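Peer 1: Here is a sequence together with a model predicted from it:
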Amino acid sequence: MSRSGFGRYADYGRPLQARGGIKAQSRRGDFAQNWWARRWIEVLDGFDIASRIARARTYARRGQVLTIDVGIGEVTAQVQGSQARPYRVSIRVATLHPDDWRKIASTLGERPVFASSLIAGRMPDRIEDAFGEWGLSLFPAARSDLRTSCSCPDQTNPCKHIAAVYLLLGEEFDRDPFLLFQMRGMQRDDLLTLAGLRLASSDTDSALAPADPLPEDPEVFWGRAYEPDPARVVGAARVPAANAVIARRLGGFPFWTGSTPFLATLETVYSGTASAALDDLVSDAE
């Protein structure tokens, strides 16, 4: 690991209040729900940095992390500490060689248990075995696989600013497991293509004529004069008992920066919109 700083002084001051920062979706307990996100935290704990990650929980939940950008083999972030200028965090992750990715992709594509999960956007339960068969690892295998730096004056590496980014990454892996592949050097679409799980575009596809747009005139569409009957077309209209049901199935919003949890905010919007729409419908029917 590399270390950047301003001398042998620790950043012991209270952090300045951050505005518009990324707040953890989990307000208490673990920062990861699915097994692959928990595995990420477990791997980091195994590098003897569990105490530093524990101290970073407050930073992650208070929104001190301002930005996170996940790229190929690198994560960059800005974290608000005790100084006016946010600290710059860099996490470089050792990437796998393209030849190694081709080997792994062949294994993933040949076994339905792996292929079905990947197509569905989930991390297969035993995917670490597929990497292990080639003597490789999906997760960082050693502390040397991670090279981290922070512009803060704390000499400890990783500092609490880096550890806060680690925790928020765990939450983001819950939402999008393919970010793990991206950090190790492989984009989602490229992996699926290598594994033969995604059909490449063909001349036949490109030659298909685009569908004709639907006519805007109701009489043309229905073939007769159209007189809408709200009671017959809409049926019984009512505000649903549960709001944002589909959004809940999708999970949290990536790197949410709002002052309240994402789903709670969305439920309020859904409830207000449903009530307003019902009022408008009733008014039109009357």
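Peer 2: Okay, I see it.
Peer 1: Please count neighbours and contacts with C-alpha atoms only from this point.
Peer 2: OK.
Peer 1: hang on, Ala77 is in a strand, isn't it?
Peer 2: Yes: going by DSSP: H, G, I helix; E, B strand; the rest coil, the assignment for Ala77 places it inside a strand.
Peer 1: Name the SS class of Arg92, please.
Peer 2: Looking at Arg92 with three-state DSSP, the answer is strand.
Peer 1: ok, longest helix in this structure?
Peer 2: Looking across the chain with DSSP state H, the single longest helix is helix 262-285.
Peer 1: which strands and helices sit next to that one?
Peer 2: Counting contacts by 3 or more CA pairs under 8 Å, 6 or more residues apart in numbering; DSSP states H and E, the secondary-structure elements packed against helix 262-285 are helix 230-234.
Peer 1: Show me the strands in the stretch 101-250 of the chain, by range?
Peer 2: Ranges of strands within the stretch 101-250 of the chain are 146-150, based on DSSP state E, counting those that start in this stretch.
Peer 1: Just the mean pLDDT for the longest helix of the chain, thanks.
Peer 2: In this model, helix 262-285 carries a mean pLDDT of 73.
Peer 1: Return the set of buried residues in that helix.
Peer 2: Within helix 262-285, the residues that qualify as buried are Phe262, Leu263, Leu266, Glu267, Tyr270, Ser271, Ala274, counting by 16 or more other CA atoms under 10 Å.
Peer 1: now the helices for the stretch 1-150 of the chain?
Peer 2: In the stretch 1-150 of the chain, the helices defined using DSSP state H, counting those that start in this stretch lie at 35-44, 50-55, 57-62, 98-110, 112-119, 127-132.
Peer 1: ranking those by mean pLDDT, which is last?
Peer 2: Looking at the helices of the stretch 1-150 of the chain, the weakest mean confidence is helix 50-55, a mean of 79.
Peer 1: Cross-check the contact I'm expecting between Gln17 and Gln64.
Peer 2: Yes: taking CA atoms under 8 Å as the contact criterion, Gln17 and Gln64 are neighbours in contact, 7.4 Å apart.
Peer 1: Could you name every residue contacting both of the two?
Peer 2: Here Gln17 and Gln64 have Gln80 as joint contacts, going by CA atoms under 8 Å, 6 or more residues apart in numbering.
Peer 1: what about the two, which has more around it?
Peer 2: Gln64 (27 against 13; other CA atoms under 10 Å).
Peer 1: Kindly provide the distance from that one to Ser82.
Peer 2: 10 Å (CA to CA, to the nearest Å).
Peer 1: Overlap in contacts, those two.
Peer 2: Common neighbours of Gln64 and Ser82, using CA under 8 Å, 6+ apart, are Pro15.
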